[in-house]
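Undergrad: Take a look and give me a structure for this.
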Amino acid sequence: MAEIKKPILIFMPSMEGGGVEKNIIIISNYLSKFTNNIKLITYDKKFKSHFNKNIKIINPRYKKKKASKYFKYFQCLLLLIKEVFYKKDILVFSFQANIYCLILSKILNFKIIIRSNSSPSGWNKNYIKNLIFKIFFKFSDSIIVNSKAFKNELDNKLNVKSKVIYNPLNKLEIISKSKERLKSTLFKKNNKIKILNIGRYTDQKDQITLLKALNLIKNKIPFEAILIGYGVNKKLLENFVKKNNLKKQIKVLNYQNNPYKFIKKTDILILCSIYEGLPNVILEALTLKKFVISSNCPTGPKEILESGKFGYLFKPKDFEKLSKLIMIYSKNIKKCKQKALAGYKSLDRFDYQKNCNKYLNEIRNIK
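TA: Prediction:
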C-alpha cells in the first residue's frame, strides 16, 4: 500500500484506560505502518509502551500529580497550537476535546478528522451545548463514529454526515492474552455462576444497577461477581457491597492491564451503561465465546447483539429485569452458550484489518 503523504497528529489529552484508549492504540499503530511522520499529543505517559516506537509521543513539560480533564485539555491544546504553527500542512485526528480542536482548525487553518466516542444521548441534552456542537461539528473534514445507531443519532441531532467505522477487533491478541494465568483465588469455584463487569466506575457505566440486581438474587442462586475498573464511584460501590453483606460474593477491583484473563474465566459479562458508542468489552467477551447481558442503551449493545440474538438486553437502570435475566441464564446455560457461540461467529464485521483499512482510506481521502 502507498504511504500516507500528510503528517498525522493524533490528539488524545486524557488517556485513562478505557475503550477509546484501546482503539487509539490499535489505530495509531496501524497507521504508523504507512508513515514515519505520525505524532500523538497526550498528557498521560502510562500507555507509552503500547505504541509503536516510530510514533512520536508529545507530553506537556509542566504536569500536576492529579490533573483535571480540562487542565489536561488546556496543556495539550497549547502543544497542538505549537505543532500546527510550525507545520502548516498537517492532518489532526482528534479523539477527544473535539470542539476545541475544531475551533482551532478554523483559526489556524488545518485539516481535521474527529472521532466521536459516545452517543449524543449522553452529552447533548443541554440546548446551548447542543447548539455549539451543531455549529462546530460542521467544521470537520470528516466525522467518524463507531456504530450505525450512533450515526443515525448524531446525523439527525446535529445535521451532519458522519461515517461509520466499527472498532477494529484484534481477536488474536485478545485470545493470546486471555491465556495468561489468573493468579488469584477469584473465579475458582466451579459450582458458582461467575459474573464480570468491566468499565470505569462512573455514573455512565452504572455499576450500581448490577449490584442492586445481584442483591435481589443473593440467596436464590450461587454466584461470584467481579467488577474491574477505576473512577469516582468506586467507594460508592464498595459501600453498597458492605452494607448489603455481599463481600463474600462480590469483589470491586482496580483497573487491570490484562482483563482478558478474567473474561476467559467468567460465565456472564454484564454491561449496565446508560449510554455508549460501541462497547469494546462486549466484543471482547464474544471473542472469548462468553455470554453477554447488556443494557439496551444508546448506542452499540443492540447492534452488536443483533437485538438479542446473541445475548440478553434490558432497559437501562432496570435492575429487577437484570436480576431476572441472570436467573434465566442459570436455568438455560446450554442455550445461552449457543447464543454466545453464534455471537462469536458474527464478529467478522468488526475485523481488525478491514476496519483499520477504513481509517487509513479516510485519512488518504483528506486533501
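
Undergrad: Just the CA trace of the lowest-mean-pLDDT helix or strand in the chain, in CSV.
TA: Least confident helix or strand of the chain, by mean pLDDT, DSSP states H and E, is helix 127-136 with a mean of 88. The C-alpha coordinates for helix 127-136 follow below in CSV (Å, rounded to 0.1, in the frame of the first residue of the first chain):
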residue,chain,number,x,y,z
TYR,A,127,-29.8,23.2,24.5
ILE,A,128,-26.7,25.5,24.5
LYS,A,129,-24.3,22.6,24.3
ASN,A,130,-26.3,21.0,21.5
LEU,A,131,-26.2,24.3,19.6
ILE,A,132,-22.4,24.6,20.0
PHE,A,133,-21.9,21.0,18.7
LYS,A,134,-24.3,21.6,15.8
ILE,A,135,-22.3,24.7,14.7
PHE,A,136,-18.8,23.4,15.2
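
Undergrad: After it, which helix or strand is next?
TA: strand 142-145 (DSSP states H and E).

Undergrad: what comes up buried for that next one?
TA: Neighbour-count burial for strand 142-145 flags 142, 143, 144, 145 (criterion: 16 or more other Cβ atoms under 10 Å). Bear in mind the C-beta positions are built from the backbone N, C-alpha and C, glycine included.

Undergrad: cool, stretch 313-329 as well?
TA: Neighbour count says stretch 313-329 has 313-314, 316-319, 321-327, 329 buried, by 16+ other Cβ under 10 Å.

Undergrad: got TSV for these, with distance to residue 5 and pLDDT too?
TA: Listed next are the buried residues of stretch 313-329 as TSV, based on distance: Cβ to Cβ, whole Å; pLDDT from 0 to 100:
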residue	distance to residue 5	pLDDT
313	44	98
314	48	98
316	44	97
317	49	97
318	51	98
319	53	98
321	52	98
322	50	98
323	55	98
324	56	98
325	51	98
326	53	98
327	57	97
329	52	98
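
Undergrad: what ranges of the protein fall below the confidence cut-off?
TA: Of all residues in the chain, those with pLDDT under 70 make up the ranges 1-2, 123-124.

Undergrad: Could I get the full set of strands for it?
TA: 8-11, 38-41, 55-58, 91-94, 111-115, 142-145, 163-164, 193-198, 223-228, 250-253, 268-271, 291-295, 312-314 (DSSP state E).

Undergrad: I am finished for the moment; much appreciated.
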